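J.: What shape does this take:
(one chain, ligands or ions: 1)
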Amino acid sequence: MRIFLAGATGAMGKQLVPRLVEAGHEVVGMTRSNSKRAALEDLGATAVVADALNADQVGDAVAKARPEVIIHQLTAISSFDIRNFDRSFALTNRLRSEGTDHLLAAGRAVGVGRFVAQSYAAWPYARTGGPIKTEEDPLDPTPARNMRESMRAIRHLEAAVTGADWTEGIVLRYGGFYGPGTSMSRGGEQFEMIRKRKFPVVGDGAGVWSFVHIADAADATVAAVARGRRGIYNIVDDDPAPVADWLPALADKLGAPKTWRVPKVVGRLFAGEVGVVMMTDIRGASNAKANRELGWEPRHSSWREGFAS
Ligand SMILES: NC(=O)c1ccc[n+]([C@@H]2O[C@H](COP(=O)([O-])OP(=O)(O)OC[C@H]3O[C@@H](n4cnc5c(N)ncnc54)[C@H](OP(=O)(O)O)[C@@H]3O)[C@@H](O)[C@H]2O)c1
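T.: Presented below is the predicted three-dimensional model:
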């Protein structure tokens with residue numbers, strides 16, 4: 001199929017382009033930078049330059065590409081401050097709201113049969129009930145104050161994509177990425193914080209995190225292009241785990257000193273309300289639907305062996 005990939009040069013895009021090409025698809029990859037064209041073409045895509053926040057540029061690029069499928073992997077999370085969560089996500093939130101609308105409008109104009117978009121599986125779930133959530137479970141009606149804009153953008157993207165009745169609108173709620181090109185990789189920001197003991201367990205560390213190796217997430221995305229049906233899929237590994245389990249285990253793998261613990265009140269001082277929620281209260285996600293309907297299983301079934309590799 002002919003696929004238009006928005007976000008083709010990012011951590012996910014770099015994994016996705018070669019897999020789509022290998023699966024026999026023709027890929028047109030979007031970037032803002034002329035300087036990234038060559039790298040995209042080396043991966044096997046045709047490069048197109050456009051700004052996702054400019055409706056005319058997106059409309060022109062999609063009209064010229066005439067794709068059968070659009071994949072939306074646009075984010076902009078390069079500088080992240082947990083105390084200013086919404087501020088850190090401001091551009092990503094625009095990409096998830098305006099960016100989604102521009103891509104949908106452009107896709108509708110050329111009649112794409114399938115639209116696959118990136119969402120997130122962890123912090124958006126409601127912080128009530130059991131520790132592991134399915135796609136049927138509600139999103140958090142009362143997110144921490146500093147993440148309300150980010151939640152609004154997630155809700156907008158998911159409603160717009162699954163509500164587009166003229167196409168097969170598919171939302172992939174990925175777990176926390178780790179692996180090449182992500183901040184959870186050798187030399188990456190989060191691994192370095194853990195190595196330097198700047199990432200303590202807060203309170204009881206009962207917040208449940210779902211991870212996914214970025215290569216597995218890319219495999220799931222290729223499967224969604226082939227077999228996904230309108231709706232939402234959690235794309236996470238088989239081993240959602242509380243912070244109190246995964247953080248000390250990861251610190252050990254990184255050869256870092258023993259993870260320290262701080263009470264919630266101290267955690268709040270350093271990481272704000274969002275940091276405390278992430279550490280103590282968020283829920284994990286189940287990948288049963290993606291296993292069943294996409295025929296996808298992560299090769300790294302647990303972060304335990306995934307972090308080691
Ligand atoms: N589920 C998760 O855990 C998750 C999800 C997303 C990101 N992350 C992590 O966040 C970190 C940083 O990711 P990132 O999102 O900043 O960067 P990234 O991985 O470089 O991806 C951003 C992509 O979006 C494109 N893009 C951004 N704004 C655009 C615009 N206005 N117009 C057109 N394209 C635009 C970029 O293209 P150009 O720059 O080429 O224009 C690039 O292809 C990584 O560690 C990543 O793993 C994690």
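J.: so where is the stretch 151-300 of the chain shaky, pLDDT-wise?
T.: Scanning the stretch 151-300 of the chain for pLDDT under 70 picks out no residues.
J.: Can you show me the helices along it?
T.: Here the stretch 151-300 of the chain has its helices, by DSSP state H, counting those that start in this stretch, at 189-195, 214-227, 243-253, 264-280, 288-289.
J.: which stretch among those helices comes nearest the ligand?
T.: helix 214-227 (6.6 Å; Cβ to the nearest ligand atom). Every C-beta, even on glycine, is put in place using the N, C-alpha and C of the backbone.
J.: Can you name every helix or strand that the closest one contacts?
T.: Contacts defined by 3 or more Cβ pairs under 8 Å, 6 or more residues apart in numbering; DSSP states H and E place helix 214-227 against helix 11-22, strand 69-72, strand 114-120, strand 168-174, strand 176-178, strand 231-235.
J.: Packing partners of the second one?
T.: Using 3+ Cβ pairs under 8 Å, 6+ apart as the contact criterion, the neighbours of strand 69-72 among helices and strands are strand 2-6, helix 100-110, strand 114-120, helix 214-227.
J.: what about it, distance to the chain center?
T.: 15 Å (Cα atoms, centre = their mean, to the nearest Å).
J.: circling back: just name the most buried of the helices and strands packed on helix 214-227.
T.: Sort these by mean neighbour count, taking mean count of other Cβ atoms under 10 Å, and strand 69-72 sits at the top with a mean of 28.
J.: can you dump the C-alpha coordinates of whatever helix or strand comes next after that one into PDB?
T.: Next in sequence after strand 69-72, counting helices and strands by DSSP states H and E, comes helix 85-88. The C-alpha coordinates for helix 85-88 follow below in PDB (Å, rounded to 0.1, in the frame of the first residue of the first chain):
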ATOM      1  CA  PHE A  85       4.200  18.700  32.300                       C
ATOM      2  CA  ASP A  86       1.700  20.600  30.100                       C
ATOM      3  CA  ARG A  87       4.400  23.100  29.200                       C
ATOM      4  CA  SER A  88       6.700  20.300  28.100                       C
END
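J.: So for the residue of the chain found nearest the ligand, what's the nearest residue that isn't a sequence neighbour?
T.: Distances between the chain and the ligand by Cβ to the nearest ligand atom are smallest at Gly10, namely 2.1 Å. Spatially, and ignoring its direct neighbours in sequence, Gly10 is nearest to Gln73 (6.2 Å; Cβ to Cβ, 6 or more residues apart in numbering).
J.: repeat for Arg227
T.: Using Cβ to Cβ, 6+ apart, the closest residue to Arg227 is Leu294 (5.4 Å).
J.: Contacts only, for that neighbour.
T.: Ala220, Ala223, Ala224, Arg227, Gly228, Tyr233 (Cβ atoms under 8 Å, 6 or more residues apart in numbering).
J.: pretty sure Gly10 is in contact with Ile71, am I right?
T.: No: in this structure, Gly10 is not within contact of Ile71 by Cβ atoms under 8 Å, at 11.7 Å.
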